[in-house]
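Colleague: from the sequence below, what's the structure:
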Amino acid sequence: MRGRTTVAHGVRSVSGTLPRRPAAGVARAVLWLTVALVAGGTLRATAQDPPAGRPSEARKKATYRVGGGARDGVSVFERVDYVQVKPLEAGEVDFRHYHTYEESTSLLKAWAAKYPDLVDLYSVGQSLEGREIWQLTITNKQTGKDTDKPAFFIEGGRHAGEISGIEATLYFVHHVLTGAATDPAMRALLDSSAIYARPHNNPDGNSLYHSTAQTLRSTVRPHDSDADGLVDEDAGEDLDGDGFIRQMRKYVGERQGNYVKDANDPKGRAMRRVREKEGDWDVYNEGIDDDDDGRYNEDGIGGLDLHRNYPENWRPMKEATGRGWTQGGAGEYPLSEPETRAVFAFLMTHPNVAIAQSLDTAVPMILRGPSTSASEESMFPDDLAIIRSFDQKGQEITGYPWAGDTYKVYATRTPVNPFTGEPSREAPLFGHGPDFGYAYYGAIWYGNEIWNGGRFVDYDNDKRIDEWEVLKWYDQHRAGRGDYLEWTRFTHPQLGEVEIGGFNPKFYGQNPPPDLIETWARNEAMFNLFLAQQLPRVRIVSTRAVTVKDATDLHDIELTVTNAGKMPTALDVAKRVKMVKPDTCEITLVKGQELAGVPAGQPAQKATIEIGWLKPGEQKTVRWQVKGTGAVTVRIGSTRGGVDSRELSLGAPAHE
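Modeller: Next comes the predicted model:
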């Protein structure tokens, strides 16, 4: 049975029926009352609903109800009015605040209205809660359809709280659109290419994160994260009412805990984890142990991961033997989540996408696959050479300290595990987007990580940045800006005396403070602009029509084509998995014309001739022999390189 829930000061009150665990029911009711009194005393725990016409104090608060299915915990939370999601001036574009789903939707609609010759706005599907997943197609419509051009795909917000990716996507779009009128390079890009942009790939998770103190990994679908048979029953609570779920620390006695105060921080703020029973403090996420299992906030809203839900190298969350690979957050089956399915369905029906970018936080890295092996094991050498050149350029543009694959480079970016002291080892991820992008879809797929969590300087040069170093940089550069809450004493209803404090978990730990958004969004956008400019682009170099001697209505047609882009029209992996057809040259005849003899150097006379795949700068020539007069059209077509065509006029016979 589930009791109804109300919210006050970020604290949840149970009223009505008792929770599923009857033995804990009375204690839990007392617990909620205690928490409410500590947090401000305005919450009234009652055995029944308040009389009609007398709403409880909690129900006077603005609340946010999360959907997506039934939960054993609460689904209603106090709505927090974050200043960080408010524009500097209503209706004006700025990148010094975070865009909610509603504001982003308005912005996308405004761009579509302002740039009708460049922008189409449409929904590619609906989220679990029924929100439209909006996407833009950006290209110069006067120079052709988007599907006749090579394309770049970019998305943000897949992980609910990694909202910097939304901002970097919006910044990229804004930069391209505002530059199209005055920047020749930008105009050339839109003349010859298409951009598909999806700022909010996970609008449900993003909205919950933007609107409440809750944090979550990805989708809001209920999930039993702690394997206790209950779903979403232990979400965090904002006990001190400041709008954020920070950290709690409790002194538990010498050699009774798992943390110590780091001596490198003279103010006693930084905590360092040590081995079991070698410390004198325990550290928790702010909240209550709702399910009496000794853990705090381990089963909050959702738990599945849209970035582990792709079909390539997918693994289940559980398997029968107990000896096989599994993947947390993978979902019931590949593409089980509508948000991931929307990406998959669009890309599979738009194979003109040659490069994709999906944005996360908070390890500043040019990140890609493979995710289950080293690059050299799973990538074709020529493909890897291209990708590594992009990695290097990405580091130059963004200043990110790392670039490379998920399996090796990401997992070992910190050489030594600071907790165990052991060398870092390679670690696989399954169902990962970059693996789908390369090994399944045959494209270059990045999953860049934005922001560094305040990890700016390695003061002791040990190749990692610990919490005391984050605090030292903060003291030197941002003291007084409100990004950090000093440890403050609080009487916890279960733990007794604790301290609550730490960095702002949403707008510092996971994402940059608003005044730093633009720098990170711009750097990431410039790399993505570079990627879009590397797309393959097939072009006609020259055409020639020569009347065959002594045959006035017989003509030799010659077509020379090239790849004017910076990468081949197909990666080697795309050839293997048959995602990209060979490039073709084609001639279209009109009534009264026909193909005649076989041109020299070709085995047969065909209207459509496959020429393989063009490398950057490579030229190829094909020939036809046509009998008849009038216009003919010749064309080069490429799955990922676009199309180009030209009309030729075949002269009339001399005797006419």
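Colleague: mind listing the helices for the stretch 451-600 of the chain?
Modeller: For the stretch 451-600 of the chain, the helices defined by DSSP state H, counting those that start in this stretch occupy 467-477, 517-532, 572-576.
Colleague: list the buried residues for the longest one?
Modeller: It stands for helix 517-532. 517-518, 520-521, 523-529, 531-532 (16 or more other Cβ atoms under 10 Å). Using the backbone N, CA and C atoms, a C-beta is placed for each residue, glycine as well.
Colleague: ok, now the first one?
Modeller: Judged by neighbour count (16+ other Cβ under 10 Å), helix 467-477 contains these buried residues: 467-474.
Colleague: among the helices of the stretch 451-600 of the chain, which is nearest E332?
Modeller: Among the helices of the stretch 451-600 of the chain, the nearest to E332 by Cβ to Cβ is helix 572-576 (28.2 Å).
Colleague: and stretch 205-222, end to end?
Modeller: Start to finish, the residues bounding stretch 205-222 are 12 Å apart (Cα to Cα, to the nearest Å).
Colleague: hang on, the earlier thing: the helices of the stretch 451-600 of the chain: which one's closest to A185?
Modeller: Across these, the minimum distance to A185, taken as Cβ to Cβ, is reached by helix 517-532, at 8.9 Å.
Colleague: CA-only coordinates of the closest one in PDB, if you can.
Modeller: In PDB, the C-alpha atoms belonging to helix 517-532 read as follows (Å, rounded to 0.1, in the frame of the first residue of the first chain):
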ATOM      1  CA  ILE A 517      28.500  28.500 -18.500                       C
ATOM      2  CA  GLU A 518      29.300  30.600 -21.600                       C
ATOM      3  CA  THR A 519      33.000  29.800 -21.600                       C
ATOM      4  CA  TRP A 520      32.500  26.100 -21.400                       C
ATOM      5  CA  ALA A 521      29.600  26.100 -23.900                       C
ATOM      6  CA  ARG A 522      31.600  28.200 -26.400                       C
ATOM      7  CA  ASN A 523      34.700  26.000 -26.300                       C
ATOM      8  CA  GLU A 524      32.600  22.900 -26.800                       C
ATOM      9  CA  ALA A 525      30.600  24.600 -29.600                       C
ATOM     10  CA  MET A 526      33.800  25.500 -31.500                       C
ATOM     11  CA  PHE A 527      34.900  21.900 -31.500                       C
ATOM     12  CA  ASN A 528      31.500  20.800 -32.800                       C
ATOM     13  CA  LEU A 529      31.700  23.500 -35.500                       C
ATOM     14  CA  PHE A 530      35.100  22.000 -36.500                       C
ATOM     15  CA  LEU A 531      33.600  18.600 -36.700                       C
ATOM     16  CA  ALA A 532      30.700  19.800 -38.900                       C
END
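Colleague: please report phi then psi for the nearest residue to L495 once chain neighbours are set aside.
Modeller: Leaving aside its chain neighbours, L495 sits nearest to K250 (5.4 Å; criterion: Cβ to Cβ, 6 or more residues apart in numbering). In terms of degrees, to the nearest 10, the main-chain angles of K250 are phi -140, psi 130.
Colleague: circling back: include distance to L614 and mean pLDDT when you put the helices of the stretch 451-600 of the chain into TSV, please.
Modeller: Putting the helices of the stretch 451-600 of the chain into TSV (distance: least, Cβ to Cβ, whole Å; pLDDT from 0 to 100) gives the following:
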stretch	distance to L614	mean pLDDT
helix 467-477	49	98
helix 517-532	19	98
helix 572-576	13	98
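Colleague: using a markdown table, lay out these together with distance to V538.
Modeller: Shown next, in a markdown table, are the helices of the stretch 451-600 of the chain (distance: least, Cβ to Cβ, whole Å):
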| stretch | distance to V538 |
| --- | --- |
| helix 467-477 | 49 |
| helix 517-532 | 17 |
| helix 572-576 | 15 |
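Colleague: buried ones in stretch 286-306, by neighbour count?
Modeller: For stretch 286-306, by 16+ other Cβ under 10 Å, it's 286-291, 296-306.
Colleague: swap in stretch 136-154?
Modeller: For stretch 136-154, using 16+ other Cβ under 10 Å, the buried residues are 136-140, 144, 146, 148-154.
Colleague: again with stretch 177-195
Modeller: Neighbour-count burial for stretch 177-195 [16+ other Cβ under 10 Å]: 177, 179-180, 186-187, 189-190, 192-195.
Colleague: return the member of these nearest to A112.
Modeller: Nearest to A112, judged by Cβ to Cβ, of those is L177 at 10.2 Å.
Colleague: mean confidence score for the strand or helix carrying that closest one?
Modeller: In this assignment (DSSP states H and E), L177 forms part of helix 164-179. Average pLDDT, helix 164-179: 98.
Colleague: which strands or helices does the next helix-or-strand element following that helix pack on?
Modeller: The helix or strand immediately downstream of helix 164-179 is helix 184-192, counting by DSSP H and E. Packed against helix 184-192 by the contact rule (3 or more Cβ pairs under 8 Å, 6 or more residues apart in numbering; DSSP states H and E) you find helix 164-179.
Colleague: now the buried residues of stretch 136-154 in CSV, with secondary structure?
Modeller: Shown next, in CSV, are those (DSSP: H, G, I helix; E, B strand; the rest coil):
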residue, secondary structure
L136, strand
T137, strand
I138, strand
T139, coil
N140, coil
G144, coil
D146, helix
D148, helix
K149, coil
P150, coil
A151, strand
F152, strand
F153, strand
I154, strand
